[in-house]
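Colleague: Give me the fold of what follows.
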Amino acid sequence: MKRSTADSAVLFQYKGIPSAGQMIPLGLQHVVAAVVGVITPAIIISGSDVCNLTADERTLMIQASLVITALATLLQLFPVFRRIGSGLPVIMGVSFAYVPTLTSIGVQFGLSAILGAQIVGGAVAIVFGVFVKRIRRFFPPLVTGTVIFTIGLSLYPTAVRYMAGGDAASVWFGGLRSWGVALLTFAVVVFLNNFTKGIWKLGALLFGIIVGYAAAFAVGIVDLSSVGPAGWFALPELLPFEIRFVPEACVSLGIVYVVNAVQTIGDLSSTTLGGMDRLPTDRELSGGIAGQGIMSILGAFLGGLPTASYSQNVGIVTVNRVVNRMVFVFAAVVLLAAGLVPKFAAVLTTIPQCVIGGATLSVFATITMTGIRMITEGGFTARKSTVVGLSVALGVGITQVNGCLSGNGFPGWVATVFGSSSVVVATILAIILNLILPKDPEENASAPAEQ
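Modeller: Alright, predicted model coming up:
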């Protein structure tokens with residue numbers, strides 16, 4: 001009995017080696033919670049309506065996403081030079097939060113511009129990490145929540161387009177089969193999220209996709225032709241795609257990297273508060289954000305997409321309080337192994353877009369509601385209403401009117417930077433309004449204590 005208690009106790013300590021019987025199921029729990037978020041951005045960005053990659057290129061991008069997620073997580077668990085990596089129990093990998101801006105860049109300039117902007121964005125994240133103490137005051141929960149809320153809103157059209165079949169040129173687009181499969185997938189995810197517990201709840205997206213995939217196969221909208229030629233083992237390729245630096249794209253994505261660095265601060269803080277009963281140190285925050293930037297840069301050279309911390313996995317830590325890093329190491333190793341098997345990645349590329357749409361609608365809704373929770377923290381005031389309302393109105397409004405920033409007098413780059421992604425405008429305006437509008441009385445009262 002004492003031995004069993006001692007074995008369990010190590011799970012709640014950062015260092016130490018738990019038994020395989022404990023480590024494997026707890027690690028797989030994190031894999032199940034993360035894997036859909038890892039692969040779906042690559043599926044969306046490589047699709048025919050964004051970058052229009054070939055089947056082989058899509059397989060390669062999914063492989064790179066899995067590998068980068070594994071390496072980014074390991075870097076967080078085992079910091080390099082004591083300055084790169086947080087040394088905290090987190091899962092970090094390719095993130096949905098960048099998808100709206102990546103989609104805009106991909107449609108206009110192609111994948112090469114995404115990868116170039118990703119390198120610049122990674123450098124921005126590293127600088128943010130170095131100066132995190134001085135910069136973070138510009139991003140209180142009101143600003144960060146407004147931006148996250150805008151990200152969620154801007155993702156909804158993507159989910160609905162995918163539910164309809166993804167590519168408007170597809171014979172399945174807008175048809176009964178696509179919508180039927182999408183709504184079945186959506187229903188399974190909603191049911192598992194709200195009426196089950198444990199692994200069924202944590203893996204709701206994964207199980208929803210499995211059911212949706214089976215239904216899609218049954219109605220004949222699954223194409224398995226790319227699976228057969230795929231190999232069983234392959235290391236990631238260096239520079240599989242061209243890298244091009246487009247200034248407008250670099251500025252747009254750089255701004256989004258700043259926002260996601262702030263979100264990483266929130267995730268790391270939630271991890272230490274929920275699992276370690278303390279706040280993260282400045283070094284942990286700085287190292288975590290710097291590691292995020294470095295892995296994004298490496299991801300660009302391997303054909304992957306930008307990285308961020310995974311809030312869903314942070315939620316697992318706050319619930320079960322398991323912080324032993326070997327649990328997270330096991331999860332990272334599983335993701336790495338999956339990324340080294342092209343045939344596995346090829347199978348993932350056969351998931352119909354209607355299935356992806358049905359599964360991710362709830363993810364995008366969760367992102368939106370996370371923003372709302374951050375905004376309403378401590379109550380909802382007239383000042384908050386002004387900051388959020390105006391920022392979202394201008395950010396979303398500009399993107400809904402094609403060509404509104406491309407008339408006489410506007411340089412071409414203005415439309416690309418400010419007119420193609422609602423996130424950029426909403427971020428800038430939220431920062432400005434938060435700085436210039438009079439503070440609420442309770443904010444003024446707490447200001448000296450915060451300093």
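Colleague: tell me the contacts of the residue most central in space within the chain?
Modeller: For the chain, the residue nearest the mean C-alpha position is Ser95 (1.9 Å; C-alpha atoms, centre = their mean). For Ser95, the contact set (C-beta atoms under 8 Å, 6 or more residues apart in numbering) comprises 37, 41, 260, 305-308, 310. Every residue, glycine included, has its C-beta placed from N, CA and C.
Colleague: what about it, distance to Gln29?
Modeller: Distance, Ser95 to Gln29, using C-beta to C-beta, to the nearest Å: 20 Å.
Colleague: rewinding a little: now, which of the contacts of Ser95 sits nearest Lys384?
Modeller: Asn260 (21.8 Å; C-beta to C-beta).
Colleague: So which elements touch whichever strand or helix holds the closest one?
Modeller: Remark: Asn260 resides in helix 247-276, with elements defined by DSSP states H and E. Here helix 247-276 touches helix 99-109, helix 111-130, helix 141-163, helix 282-302, strand 307-309, helix 311-320, helix 412-419, helix 422-436, going by 3 or more C-beta pairs under 8 Å, 6 or more residues apart in numbering; DSSP states H and E.
Colleague: ok so, going back, is it possible to get a markdown table of the contacts of Ser95 that adds pLDDT and distance to Ser86?
Modeller: Converted to a markdown table, the contacts of Ser95 look like this (pLDDT from 0 to 100; distance: C-beta to C-beta, whole Å):
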| residue | pLDDT | distance to Ser86 |
| --- | --- | --- |
| Gly37 | 80 | 19 |
| Pro41 | 89 | 22 |
| Asn260 | 83 | 15 |
| Leu305 | 94 | 21 |
| Pro306 | 93 | 17 |
| Thr307 | 92 | 13 |
| Ala308 | 89 | 13 |
| Tyr310 | 84 | 13 |
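Colleague: I'd assumed Val334 was in contact with Leu28.
Modeller: Yes: using C-beta atoms under 8 Å, Leu28 makes contact with Val334 at a distance of 7.0 Å.
Colleague: who touches both of those two?
Modeller: Counting by C-beta under 8 Å, 6+ apart, Leu28 and Val334 have no common neighbour.
Colleague: Sketch out the low-pLDDT regions of the stretch 251-400 of the chain for me.
Modeller: Low-confidence segments of the stretch 251-400 of the chain, defined by pLDDT under 70: 319.
Colleague: In contact with Trp232: list those residues for me.
Modeller: 341-343.
Colleague: Helix or strand: which one has Val31?
Modeller: Under the criterion of DSSP H and E, Val31 resides in helix 20-45.
Colleague: Wait, Pro438 touches Arg383, no?
Modeller: Yes: taking contacts as C-beta under 8 Å, Pro438 lies within contact range of Arg383: 7.2 Å.
Colleague: Compare those two and say which is more crowded by neighbours.
Modeller: Ranked by neighbour count (other C-beta atoms under 10 Å), Pro438 and Arg383 place Arg383 first, with 16 against 8.
Colleague: Can you add neighbour count and give the contacts of Trp232 back as TSV?
Modeller: TSV is the format used below for those (neighbours: other C-beta atoms under 10 Å):
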residue	neighbour count
Val341	17
Pro342	20
Lys343	17
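Colleague: Out of those residues, which is nearest to Leu192?
Modeller: Ranked by distance to Leu192 (C-beta to C-beta), those are led by Val341 at 26.9 Å.
Colleague: Ala331 versus that closest one, what's the distance?
Modeller: Distance from Val341 to Ala331, counting by C-beta to C-beta: 17 Å.
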